[in-house]
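>>> the sequence isn't on hand, but the structure is:
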């Protein structure tokens, strides 16, 4: 049986909040994850995990993400998260088709 990971020095409330945001992300409930992460970051503004989860959820619900801050946060530990968020941002900006021109009667040209 696997041992439970010890989170040395972490506040139980922060662990619970992180788990709740993570649960919403895993359930593809990006809007709820985004809103919860925003609230949690008011209590723990320096928490890197909450910031990264907020950025991922923001990318999914098409909210703005500060890519400069995101790139500045990069470490060997969180590089995969940052790459994921940047890929999702890139996907959403390139996957949205340009609006098609219409005639005065509303038909597509």
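That came through, no problem. Computed from a predicted structure; not experimentally measured. Numbers count the residues shown, from 1 in each chain.

>>> ok, now which ones touch residue 38?
residue 54 (Cβ atoms under 8 Å, 6 or more residues apart in numbering). C-betas here are computed from N, CA, C, even on glycine.

>>> any figure for the gap between it and residue 12?
Using Cβ to Cβ, to the nearest Å, residue 38 is found at 21 Å from residue 12.

>>> next SSE downstream of the strand or helix carrying residue 55?
Using DSSP states H and E, the element containing residue 55 is helix 48-60. Later in the chain than helix 48-60, the nearest helix or strand by DSSP H and E is helix 67-72.

>>> report the separation between residue 45 and residue 94.
32 Å.

>>> quick one: buried residues of the helix holding residue 55?
Judged by neighbour count (16 or more other Cβ atoms under 10 Å), helix 48-60 contains these buried residues: 49-60.

>>> quick one: residue 83 from residue 61, how far?
From residue 83 to residue 61 the distance is 19 Å (Cβ to Cβ).

>>> check residue 52 too.
Distance from residue 52 to residue 61, by Cβ to Cβ: 15 Å.

>>> now residue 39
Per Cβ to Cβ, residue 39 is found 15 Å from residue 61.

>>> kind regards, and thank you for your time.
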